[in-house]
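> predicted model follows, preceded by the sequence.
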Amino acid sequence: MSDKKTAIITGSTSGIGLGIAEGFAQAGINLVINGIEPAAEVEAVRAGLEKHGVKVIYDNANMMDPGEISAMLMRAEAEFGGVDIIVNNAGIQHVAPIDEFPEAKWDAIIAINLSSAFHLTKAALPGMKARGWGRIINVASAHGLVASPFKSAYVAAKHGIVGLTKTIALEVAEQGITANAICPGYVLTPLVQKQIPDTAKARGISEESVIRDVLLANQPTREFVTTEQLAATALFLCSDGAAAMTGIALPVDGGWTAH
Ligand code: NAD
């Protein structure tokens, strides 16, 4: 990356998206951060990222709404003159057996975790093609490669985004644009903290047992993956050194999918 770049990171007011935003800001990349919180609640985070000497704007486009997604891209292009990198990261989770899984939760997970990546990619590609450079990074999951019970919508969306990643990569391979998925194992973010009580209920075990015997049981390192490790991975995928890597689903999972 020789010249100054601009990135949109969806779902970046918290957790992994915020960690990637920190890493990108430190690397001198201008940012659009995104979430569903009111701007006032995110102002301290936005201003903190700007301390790294980059420009950061907050856009609260709802990833369930295709019109809001393309409007966010247009606002970013107007502000920065172009969007070079998109990180499709926004995501939610719901844990329940299929026969009890609420239809509205299924629809929301497919919309936010999968369809939003299609809509933002569709909006961003014309500019990337015109400039002959682009990086599309989809934050999938180890659940993009393997399943777990009680997470039907999430596993379906994450397998779907791995397929979308491969398709984008093939379509734009000759135009200086790469598309890759990062597949994290468990990271101790609010998304994971919130599912611990539901998993305990679904499996009939204690919350301590969920952390030890369910979450970290899958991770041979017995450690949560960190947001800093994921930011470093995303930055590498943006680098010129990664120009030949495209269409991959890269596990960063403490060995989980080596099983
Ligand atoms: P998080 O709950 O900490 O953050 C989610 C972010 O998404 C927040 O910024 C929130 O505002 C935003 N968001 C939620 N709904 C939105 C909507 N409708 N429109 C716009 N933004 C919305 O979650 P996280 O753990 O950091 O997860 C981020 C991504 O990483 C998700 O795609 C998740 O599936 C994936 N992931 C997480 C883990 C993990 O263990 N935490 C593991 C693998 C993959």
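Yes, it's here.
> which parts of the chain sit against the ligand?
With the criterion set to Cβ under 6 Å from any ligand atom, the chain comes near the ligand through 10-17, 34-37, 62-64, 89-92, 112-113, 139, 141, 184, 186-187, 189-192. Quick note: C-beta positions are derived from backbone N, CA and C, even for glycine.
> among these, which ones are in helices?
If you go by DSSP state H, the residues of the chain next to the ligand have 15-17, 190-192 in helices.
> may I see the ChimeraX selection of the buried members of the residues of the chain next to the ligand?
In ChimeraX syntax, the buried subset of the residues of the chain next to the ligand is picked out as below (16 or more other Cβ atoms under 10 Å):
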select :10,11,12,13,14,15,16,17,34,35,62,63,64,89,90,91,92,112,113,139,141,184,186,187,189,191,192
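> among the residues of the chain next to the ligand, name the ones in strands.
Residues of the residues of the chain next to the ligand located in strands (DSSP state E): 34, 139, 184.
> can you add distance to Ala25 and give those residues back as TSV?
Output for those, formatted as TSV (distance: Cβ to Cβ, whole Å):
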residue	distance to Ala25
Asn34	15
Val139	17
Pro184	20
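> so which of those is the closest to Leu230?
Pro184 (5.8 Å; Cβ to Cβ).
> residues touching the closest one, list them.
Contact partners of Pro184, counting by Cβ atoms under 8 Å, 6 or more residues apart in numbering, are 16, 139, 141-142, 225, 230, 252-253.
> flag whichever of the ones in helices among the residues of the chain next to the ligand scores worst on pLDDT.
Confidence by pLDDT is poorest for Leu191 among these, given 85.
> for the residue nearest to that one when sequence neighbours are not counted, give me its contacts.
Leaving aside its chain neighbours, Leu191 sits nearest to Gln93 (5.5 Å; criterion: Cβ to Cβ, 6 or more residues apart in numbering). With contact set as Cβ under 8 Å, 6+ apart, Gln93 has these partners: 109, 151, 154, 191, 194-195.
> can you check the pLDDT for Gln93?
With respect to pLDDT, Gln93 scores 94.
> so which helix or strand of this protein has the lowest pLDDT on average?
helix 190-203 (a mean of 90; mean pLDDT, DSSP states H and E).
> helices or strands up against whichever helix or strand comes after that one?
Sequence-wise, the next helix or strand downstream of helix 190-203 (DSSP states H and E) is helix 207-209. Helix 207-209 makes packing contacts with helix 190-203 when contacts are defined by 3 or more Cβ pairs under 8 Å, 6 or more residues apart in numbering; DSSP states H and E.
> which SS class is Tyr58?
Recorded secondary structure, Tyr58: strand (DSSP: H, G, I helix; E, B strand; the rest coil).
> give me the neighbour count for Cys183.
24 (other Cβ atoms under 10 Å).
> verify the stated contact: it with Pro251.
Yes: judged on Cβ atoms under 8 Å, Cys183 makes contact with Pro251 at a distance of 4.6 Å.
> overlap of the contact sets of those two?
With Cβ under 8 Å, 6+ apart, Cys183 and Pro251 have common neighbours 142, 145, 257.
> distance of the first one from Lys129?
It stands for Ala142. From Ala142 over to Lys129 the distance is 32 Å, taken as Cβ to Cβ, to the nearest Å.
> of the two, which one has the most company?
Ala142 (24 against 14).
> so what's that one up against?
183-185, 218, 251, 253, 256-257.
> just among the residues you listed, which is most surrounded?
Going by other Cβ under 10 Å, Pro184 tops the contacts of Ala142 with 26 neighbours.
> so what pLDDT did that residue get?
98.
> quick one: it from Ser209, how far?
If you go by Cβ to Cβ, the gap between Pro184 and Ser209 works out to 22 Å.
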